[in-house]
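Colleague: Build me a model from this:
(one chain, ligands or ions: 1)
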Amino acid sequence: MVRVLELDDVSVVRNGNAILDGINWTVESDERWVVLGPNGAGKTTILNLASALMHPSRGVVRVLGEQLGRVDVFDLRPRIGFASTAMARRIPRDETVFDVVLTAAYSVTGRWNEEYEDVDQRRAERVMREWRLDALRDRLFGTLSDGEQKRVQIGRAVMTDPEVLLLDEPAASLDLGAREELVQLLGEYASTADAPAMVMVTHHVEEIPAGFTHALLLADGRIHAAGPIAEVITGSTSRRRSNCRSWSPRARTGASRLALSGPDPLLNSTAGPSAANFPITSD
Ligand SMILES: Nc1ncnc2c1ncn2[C@@H]1O[C@H](COP(=O)(O)OP(=O)(O)OP(=O)(O)O)[C@@H](O)[C@H]1O
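Modeller: This is a model prediction of the structure:
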């Protein structure tokens, strides 16, 4: 087991405000974390640190064993898969789906004159199959639906077989069908033996894929709870009846566990789908 992320007393200060405040958090290579919290809690900021896009104002961040500030982030970033709305905005609208995935091999967006090796082509083909993108192969990215674009973004993020995969609200704005399909695919991927460590930000507990093991609850830039999902997110009959599925922070002094009204199988991270869509063949 390898420690892929380590935040040691980390704060991020902007305009005199601590948008992350004294965060201590570690992610091991066999863990898959979901990060929950209300708007402005600091979820995206924590992913920006983890993806080496941002440095902390105080404290130490280590990503894949390398301390931010003492490593060339351009060496580090190819080892990290990251899908977010901000990343998607950098993808040219007129790029084909296949090239959006393939160009991840060079960490570029927009195909130019790069020469791709056979192994890159084969890997891109595999990703296209696994993330059900084959039918979209020649479509232009800008013409895809939101759900299709999300799948392409994740395909691009996993193209390089990253050591850690970071997903910022991958199911946001999707309709029910598209969301269920994406959550199922993520669950299959997370359940494979070779899956990397993962961190996924979401607002909704029903979007936690199978195979996810841990939960981090943030509010006001601070950790309210962190640990195995079954310990952090609790099943609650009364809350289930009220059909309250999203998380809102309780008072700081109150219980720090999340009452869950979603399906109880979420609490059992081993009760996921088989990895039928992810044969994990070598390229
Ligand atoms: N560069 C910045 N300058 C000032 N404030 C910032 C900056 N970046 C983020 N913030 C503030 O920090 C807080 C945390 O932002 P962050 O995007 O991490 O929250 P979040 O939990 O991802 O929110 P959401 O669920 O709405 O996406 C917010 O109040 C945001 O306005």
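Colleague: When you work out contacts or count neighbours from here on, use the C-alpha atoms and nothing else.
Modeller: Will do.
Colleague: tell me which residues of stretch 42-62 are tucked away?
Modeller: For stretch 42-62, burial by neighbour count (16 or more other CA atoms under 10 Å) applies to 42-52, 54-56, 58-62.
Colleague: Tell me the residues on the stretch 1-150 of the chain that lie near the ligand, please.
Modeller: Arg14, Asn15, Ile19, Pro38, Asn39, Gly40, Ala41, Gly42, Lys43, Thr44, Thr45 (CA under 6 Å from any ligand atom).
Colleague: shouldn't the fourth one be in contact with Ala219?
Modeller: I take that to be Pro38. Yes - under the contact definition of CA atoms under 8 Å, Pro38 touches Ala219, with a separation of 6.5 Å.
Colleague: what residues are up against Lys43?
Modeller: Taking CA atoms under 8 Å, 6 or more residues apart in numbering, we find Lys43 in contact with Val35, Leu36, Gly37, Val201, Leu218.
Colleague: Compare the residues you listed and tell me which has the most neighbours.
Modeller: Counting neighbours by other CA atoms under 10 Å, Leu36 comes out on top of these with 28 neighbours.
Colleague: what's the burial count for the closest residue to it other than its chain neighbours?
Modeller: Spatial nearest neighbour of Leu36, chain neighbours left out: Leu217 (5.0 Å); criterion: CA to CA, 6 or more residues apart in numbering. Using other CA under 10 Å, Leu217 has 25 neighbouring residues.
Colleague: returning to that earlier point: state the pair within the residues of the stretch 1-150 of the chain next to the ligand that is farthest apart.
Modeller: Spatial extent of those (CA to CA) is set by the pair Asn15 and Pro38 at 20.7 Å.
Colleague: Where does the residue nearest the centre of the chain sit: helix, strand or coil?
Modeller: Most central in the chain under CA atoms, centre = their mean is Leu167, positioned 2.1 Å from the mean C-alpha point. What DSSP: H, G, I helix; E, B strand; the rest coil gives for Leu167 is strand.
Colleague: can you pull the pLDDT of it?
Modeller: Note for Leu167: predicted pLDDT of 97.
Colleague: Give me the phi and psi angles of Thr96.
Modeller: Dihedral angles of Thr96 (phi, psi; degrees, to the nearest 10) stand at phi -70, psi 160.
Colleague: on that earlier part again, contacting residues for the residue nearest to the centre of the chain?
Modeller: Phe82, Ala83, Ser84, Ile154, Met198, Val199, Met200, Val201.
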